[in-house]
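Undergrad: for reference, the sequence and a predicted model appear below.
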Amino acid sequence: MGKKGFLIATSAGFAAAAMSGAQAADMPIKAPRYYEPAANWAGWYIGAHAGAAWQKTDVTTDSSFYDGSSNFSNPNASFSKSGFIGGGQIGYNWQHGNFVFGIEGDISGLSGRASTSFQAGSGYTTGTYSSKIRWLSTVRGRFGLAVGDTMAYMTAGVAFGGVKNSVTFDRFETTYSSSNTKTGWTVGGGVEHMVDRNWTVGLEGLFVDLGNSKVDTDAGQFQFANQAIIGRLKLNYKF
């Protein structure tokens, strides 16, 4: 091929490449996909809660009651009562991506008093057990997974409560009672939704075990196991 043919071929190649580049430049470019930023759960918050508390009590005793027929019995019992719970909470969250870690403390007042009647043997000894958790406070760690504006979490920690237990003997019209501040544990979980950058609303369920308390009587010692199952609605303001 002569020089003239080589120059013509080279010029044609450059022209074709230039036209191809121009067409590519004219093609529409897709805009990058937009991802909504993850909600920010980090920081302090304070709020209030209200709901229902199911208080459950088991009573065991080392006492034996004579029923007048040479028979002896131990009047153990289990009983429960549902009531209202309401109070406030404060906490702090840390966030790493979609994972949220936090600590929360709360204090609540509880209504309702669980009670039941007991009868030993054929009725020689009758009476009433009663139990009430008057107030409850917990300090818990929280671990959650946030998806968009909603977070599901697990929680566990220590629980404190003011508990009053009593035993009343009908025959003697005598009541023995014990009021204590008990320490126990709690575990549960919940779902929380961020309404806007400051307000969140959530549902939470907790199981609380405040351990055993004892009531000493002339007829022996009675042991009360104090537990509660709690369901509550929470409203928080995030700073």
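TA: Okay, I see it. Numbers count the residues shown, from 1 in each chain.
Undergrad: buried sites along the longest strand along the chain?
TA: Identified as the longest strand of the chain according to DSSP state E is strand 125-147. Neighbour counts over strand 125-147 (16 or more other CB atoms under 10 Å) mark 125-127, 129-133, 136, 138, 140, 142, 144, 146 as buried. In this view, the C-beta of every residue, glycine as well, is placed from N, C-alpha and C.
Undergrad: what is the neighbour count of the nearest residue in space to Gln95 that is not next to it in sequence?
TA: Spatial nearest neighbour of Gln95, chain neighbours left out: Ala42 (4.3 Å); criterion: CB to CB, 6 or more residues apart in numbering. With neighbours defined by other CB atoms under 10 Å, the count for Ala42 comes to 13.
Undergrad: what sits against Ala42?
TA: By CB atoms under 8 Å, 6 or more residues apart in numbering, the residues touching Ala42 are 93-95, 100.
Undergrad: if we can go back for a sec, and the buried residues of strand 125-147, which is the shakiest by pLDDT?
TA: Lowest in pLDDT among the buried residues of strand 125-147 is Thr125, which has 76.
Undergrad: specify the beta-bridge partners of that residue.
TA: Beta-bridge partners recorded for Thr125 (DSSP bridges): Ala120.
Undergrad: how close does it sit to Phe169?
TA: 7 Å (CB to CB, to the nearest Å).
Undergrad: quick check: neighbours shared by the two?
TA: Going by CB under 8 Å, 6+ apart, residues that sit against Thr125 and also against Phe169 are Ala219.
Undergrad: list the contacts for Ala39?
TA: For Ala39, the contact set (CB under 8 Å, 6+ apart) comprises 146, 148-149, 194.
Undergrad: of those residues, just the buried ones, ChimeraX syntax please.
TA: Buried residues within the contacts of Ala39, by 16+ other CB under 10 Å, are selected in ChimeraX with:
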select :146,194
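Undergrad: from the contacts of Ala39, which has minimum pLDDT?
TA: Across the contacts of Ala39, the bottom pLDDT score, 89, is held by Gly148.
Undergrad: got phi/psi on it?
TA: Main-chain dihedrals, Gly148, degrees, to the nearest 10: phi 60, psi -130.
Undergrad: what about the closest residue to it other than its chain neighbours, distance to Lys238?
TA: Of all residues not flanking Gly148 in the chain, Ala39 sits nearest, at 6.6 Å (CB to CB, 6+ apart). Going from Ala39 to Lys238 by CB to CB gives 10 Å.
Undergrad: off-centre distance for stretch 142-149?
TA: Averaging C-alpha positions (CA atoms, centre = their mean, to the nearest Å) puts stretch 142-149 14 Å from its chain's average.
Undergrad: list the contacts of that stretch.
TA: Contacting residues not belonging to stretch 142-149 are listed as 36, 38-39, 41, 91, 93, 95, 98-104, 151-155, 192-194 [CB under 8 Å, 6+ apart].
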